[in-house]
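Student: need coordinates for the following:
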Amino acid sequence: MTLRPAAFLDRDGTLIEDAHYLADPAKVRVIPGAFESLRVLQGALIPPVVVTNQSGIAQGLVTPSQYEAIRAKVETLFRDNGTPLAASYHCPHHPSVSGYCECRKPNTGMYQEAAATLQLRLDRSLYVGDRRRDVEPSLTLGGFGVLVPSNDTPEADVIWAEAHAQAADSLGEAVHRYLAWLSDQPA
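Tutor: Here you go, the predicted model:
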């Protein structure tokens, strides 16, 4: 069986505006250009997979059912715009509440689970988000990491990305750079 690459996308600050512990589906706002970027991935047969830390669950700021309502809203918005998400994974933990876990980014538990479930090739995948922790797994697993800064991205994360991965002005730019990189990789 041939494994395929995927695009691992952070949710808050990358696909939708980061509303900080979002609990109301009515407040979901898709970031401009996200649908178009996923259409480009779709055309390249690269499945988009959401990987998101949701520490608000462990902290009692968001209930599991509120998280599920947001997840369902995001999936519906992308599906209805012709860019369905292949899967969505989340880490509900916070180190100060739950202790250490393998799923909280930059750890690789969610990526490993997605790879096993969806038969993905991690070393040829895209890792993109607005924080260092979203991009860092590309260094551990291989693949192509791109930081797309949001208003909440610390400057230190941008400096880190410029030194260790890549930084781009938009998700669309990140996708185009990734596809160019992927075309240069040996099969």
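
Student: quick check: Asp123 is in a helix.
Tutor: Yes: Asp123 forms part of a helix when assessed by DSSP: H, G, I helix; E, B strand; the rest coil.

Student: OK, contacts around it?
Tutor: Taking C-beta atoms under 8 Å, 6 or more residues apart in numbering, we find Asp123 in contact with 141-143. To be clear about C-beta, it is placed using only N, CA and C from the backbone, and glycine gets the same treatment.

Student: kindly report the same for Leu85.
Tutor: When contacts are taken as C-beta under 8 Å, 6+ apart, Leu85 is in contact with 38, 48-50, 74-75, 78-79.

Student: for it, give its distance to Val49.
Tutor: Here Leu85 is placed at a distance of 7 Å from Val49 (C-beta to C-beta, to the nearest Å).

Student: find the nearest non-adjacent residue to Glu102, please.
Tutor: If you skip the residues right next to it in sequence, Glu102 has Gly109 as its closest partner in space, 3.5 Å away by C-beta to C-beta, 6 or more residues apart in numbering.

Student: who's in contact with the worst-scoring helix or strand of the chain on mean pLDDT?
Tutor: Counting by mean pLDDT, DSSP states H and E, the weakest-scoring helix or strand in the chain turns out to be helix 95-98, with a mean of 92. By C-beta under 8 Å, 6+ apart, the residues outside helix 95-98 that reach it are 55, 58-59, 92, 104.

Student: how does it look with 7 Å?
Tutor: Contacts of helix 95-98 from elsewhere in the structure, counted by C-beta atoms under 7 Å, 6 or more residues apart in numbering, are 58-59.

Student: next one: stretch 148-165
Tutor: 13-14, 18, 128, 130-132, 135, 138-139, 145-147, 167-168, 170-171, 174.

Student: show the end-to-end separation of that stretch, please.
Tutor: For stretch 148-165, the first-to-last residue distance is 11 Å (C-alpha to C-alpha, to the nearest Å).

Student: who's in contact with the closest residue to Pro47 other than its chain neighbours?
Tutor: Sequence neighbours aside, Ala86 is the residue nearest to Pro47 in space, at 3.5 Å (criterion: C-beta to C-beta, 6+ apart). Ala86 is in contact with 6, 47-49, 118, counting by C-beta under 7 Å, 6+ apart.

Student: relative to Cys91, how far out is Cys61?
Tutor: For residue 61 the amino acid is Leu, not Cys. If you measure Leu61 against Cys91 using C-beta to C-beta, the figure is 15 Å.

Student: among these two, which residue is more densely surrounded?
Tutor: Neighbours were tallied for Leu61 and for Cys91 using other C-beta atoms under 10 Å; the higher tally belongs to Cys91 (21 against 15).

Student: so how far is Thr83 from the nearest residue to the more buried one once chain neighbours are set aside?
Tutor: Leaving aside its chain neighbours, Cys91 sits nearest to Cys103 (4.0 Å; criterion: C-beta to C-beta, 6+ apart). When distance is defined by C-beta to C-beta, Cys103 is 25 Å away from Thr83.
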